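Visitor: Pasting a predicted model and its sequence here:
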Amino acid sequence: MRMVLVCGIDEAGRGPVIGPLVICGAMVEDGKLDELRALGVKDSKMLTHKSRTEMCAKIKEVLVDFKIIKVQPSEIDHVVESKTTNLNWLEADKSVEIINALDPDEVILDCPSPNVKKYASYIKERVDDDNVKVVAKHKADRDYVIVGAASILAKCEREHEVAEIEKVVGQSIGSGYPSNPVCQEFLRKHGEQYPEIIRRSWMTWKNHVKGKRQKTLGEF
């Protein structure tokens, strides 16, 4: 009897002002879901950096396949400042790309939109396979082990991207989140040197630019 191919999709790095949004689709045979549970797979936010890193390679050994898409700040800025779309629909479009590449029988998505039914319908209408079952849920990374696996792979890739950024800039950027003091300090001192890594549509950056202009005007 043929195993059902189940794909989970989740993201990491939706909120940071620095670096990419990472979206991952992880696909497994339904008969191997218990193997993921045995590894301790769960929502990546419930695991330490060390646990996630150690688990990533083990998860990949269980999976049939996976796909990661990295959305850079310029593309994020484009949709955030658009009048016709937003970050939720960008994530949906990237999820469609992942589903079409992996070709699962069933897909479970951690839904970023408050309108779960509309989000699922949007994706269902755009995937190549009319027979694929599409399930969108809030907190899916907590409730479905395959979505938890996707969340871990996405988070590990996001952390790798942050490390690569730090190699380029030669210093820590913290977590990249607006609330992080190290990130704020980096933006203040060095942000304008590295515009390609910054989401300029974020209020954190706009407030920084506004504050700098006011300071410059005040010097006259």
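Guide: That came in fine, so what should we check first? Numbers count the residues shown, from 1 in each chain.

Visitor: Check the secondary structure at Ser82 for me.
Guide: Look at Ser82: counting by DSSP: H, G, I helix; E, B strand; the rest coil, its state is coil.

Visitor: care to break the protein down by domain?
Guide: 5-166, 169-218 (automatic domain parsing).

Visitor: quick one, which of these is packed in tightest?
Guide: domain 5-166 (a mean of 19; mean count of other CB atoms under 10 Å). To be clear about C-beta, it is placed using only N, CA and C from the backbone, and glycine gets the same treatment.

Visitor: so how far is that domain from its chain's centroid?
Guide: Relative to its chain's centre, domain 5-166 lies at 6 Å (CA atoms, centre = their mean, to the nearest Å).

Visitor: End to end on it, go ahead and measure it.
Guide: Domain 5-166 has its terminal residues 37 Å apart, counting by CA to CA, to the nearest Å.

Visitor: pLDDT averaged over that domain - what is it?
Guide: The average of the pLDDT scores along domain 5-166 is 96.

Visitor: From Asp141, how far off is Gly15?
Guide: Noted for Gly15: a distance of 15 Å to Asp141, by CB to CB, to the nearest Å.

Visitor: same deal with Pro178?
Guide: Distance from Pro178 to Asp141, by CB to CB: 22 Å.

Visitor: go on, Ile18?
Guide: Taken as CB to CB, the span from Ile18 to Asp141 is 23 Å.

Visitor: show me where this structure has strands.
Guide: For the chain, applying DSSP state E gives strands covering 5-12, 21-29, 65-71, 106-110, 133-137.
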